[in-house]
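A.B. asks: the sequence and its predicted three-dimensional model are supplied below.
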Amino acid sequence: HVVADSIVSGDLAAGIAVTTVQGDSISIDTTATGDFVLNGSVGLVEVDKTARNGVVHIIDQVLIPPAQ
């Protein structure tokens with residue numbers, strides 16, 4: 001999933017959402033232990049991997065776009 005901005009882990013906060021270039025929304029929340037979770041169940045494994053054209057975050061599951 002690609003977003004237009006370079007979002008690093010320091011930019012993440014519970015209760016925000018980011019929009020992908022495809023137009024889908026990814027919600028960001030935190031667990032009781034303070035870990036970030038995307039769309040309610042997808043965890044971040046590694047964050048802030050710098051790439052030539054942006055920033056990559058490794059997740060532990062496939063993000064499925066919401067049904068239309």
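C.D. replies: That came through fine. Not measured: the values here are computed from a predicted model.
A.B. asks: do you know how far the spatially most central residue of the chain is from G10?
C.D. replies: Per Cα atoms, centre = their mean, the C-alpha nearest to the average position across the chain is that of L38, at 5.6 Å. To G10, L38 is 16 Å away according to Cβ to Cβ, to the nearest Å. All C-beta atoms are positioned from the backbone trio N, CA, C, and that covers glycine.
A.B. asks: so who does the residue nearest to the centre of the chain touch?
C.D. replies: Taking Cβ atoms under 8 Å, 6 or more residues apart in numbering, we find L38 in contact with 26-28, 44, 59, 63.
A.B. asks: ok, now with 10 Å
C.D. replies: 1, 12, 17-18, 26-29, 44, 57, 59-61, 63 (Cβ atoms under 10 Å, 6 or more residues apart in numbering).
A.B. asks: partners of the lengthiest strand in the chain in the sheet?
C.D. replies: Taking DSSP state E as the criterion, the chain has its longest strand at strand 42-51. When pairing is defined by DSSP bridges, strand 42-51 lines up against strand 36-38 (antiparallel), strand 54-59 (antiparallel).
A.B. asks: and the contacts of it?
C.D. replies: When contacts are defined by Cβ under 10 Å, 6+ apart, strand 42-51 is touched by residues 6-10, 12, 26-28, 31, 35-38, 55-64.
A.B. asks: turn the contacts of L38 into TSV, including secondary structure and pLDDT.
C.D. replies: As requested, the contacts of L38 are exported to TSV (DSSP: H, G, I helix; E, B strand; the rest coil; pLDDT from 0 to 100):
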residue	secondary structure	pLDDT
H1	coil	87
L12	coil	91
A17	strand	93
V18	strand	93
I26	strand	93
S27	strand	93
I28	strand	94
D29	strand	95
L44	strand	95
H57	strand	95
I59	strand	96
D60	coil	97
Q61	coil	96
L63	coil	90
